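1. quick one: sequence and predicted model below, then my questions.
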Amino acid sequence: QAQLVESGGGLVQAGGSLRLSCTTSGRTFSGAAMGWFRQAPEKEREFVAAISRIFGSTTYADAAKGRFTISRDNDKNTMYLQMNSLKPEDTAVYYCAVTSVTSRDRWTQPSAYAYWGQGTQVTVSS
């Protein structure tokens, strides 16, 4: 059975850093790409970043560019999100997900992802 488990969330002051991890098991790591999404209270789930499985090519939301870095270690079946210069507006539950969709244009859409983790809370205080 496919499983994704996020970790690394927590409370941090504005300007601080956190590194999220997403460890996968089962068939999830064989997907075309993996992504990070986030959802703040009363807001829709939004795309943060994605990384392809084979070449490691990356895609970022505008809000993440220059501050966040997505990476993956295929040997460890783990994906990471390094978040620097955090802002209060980054506060959300962060989810990792796997997609088998090969069209990179769709990687920003939650509907393209078949498997999801349970989420990890990130809170940035001002």
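-> Here it is on my side, so go on. Only a predicted model underlies this, so the values are computations on that prediction, with no experimental measurement involved.
2. so which residue is dead centre in this protein?
-> W36 (1.8 Å; Cα atoms, centre = their mean).
3. and the closest residue to that one other than its chain neighbours, how many neighbours?
-> Spatial nearest neighbour of W36, excluding adjacent residues (Cβ to Cβ, 6 or more residues apart in numbering): V48 at 4.2 Å. From N, CA and C alone the C-beta is placed, and that goes for glycine too. A count of nearby residues for V48, using other Cβ atoms under 10 Å, gives 25.
4. and V48, what does it touch?
-> G35, W36, F37, R38, Y60, A61, A63, A64, F68, L81, Y94 (Cβ atoms under 8 Å, 6 or more residues apart in numbering).
5. and the residue nearest to the centre of the chain, that's in a strand?
-> Yes. W36: assigned to a strand according to DSSP: H, G, I helix; E, B strand; the rest coil.
6. in the sheet, who's paired with it?
-> A49, C96 (DSSP bridges).
7. does R106 touch A112 like I think?
-> Yes. Using Cβ atoms under 8 Å, R106 is in contact with A112, at 4.3 Å.
8. and those two? Which one has more around it.
-> Counted by other Cβ under 10 Å, R106 and A112 do not tie: A112 has more neighbours, with 20 against 15.
9. ramachandran angles for that one?
-> phi -80, psi -10 (degrees, to the nearest 10).
10. how about the contacts made by S21?
-> S21 sits in contact with E6, S7, G8, T78, M79, Y80, where contact means Cβ under 8 Å, 6+ apart.
11. wait, I meant V124
-> L11, V12, Q13, A14, G16, L86, K87, P88, E89, D90, T91.
12. now R72
-> Contacts of R72 by Cβ under 8 Å, 6+ apart are M34, I51, R53, G56, T78, M79, Y80.
13. can I get the buried part of the residues you listed as one ChimeraX selection?
-> Those of the contacts of R72 that count as buried under 16 or more other Cβ atoms under 10 Å are selected in ChimeraX with:
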select :34,51,53,78,79,80
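14. so of the contacts of R72, which ones are in helices?
-> If you go by DSSP state H, these have nothing in helices.
15. may I see the contacts of R72 arranged in TSV, with distance to E44 and pLDDT as well?
-> Output for the contacts of R72, formatted as TSV (distance: Cβ to Cβ, whole Å; pLDDT from 0 to 100):
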residue	distance to E44	pLDDT
M34	20	94
I51	22	96
R53	26	86
G56	28	91
T78	27	92
M79	22	95
Y80	24	98
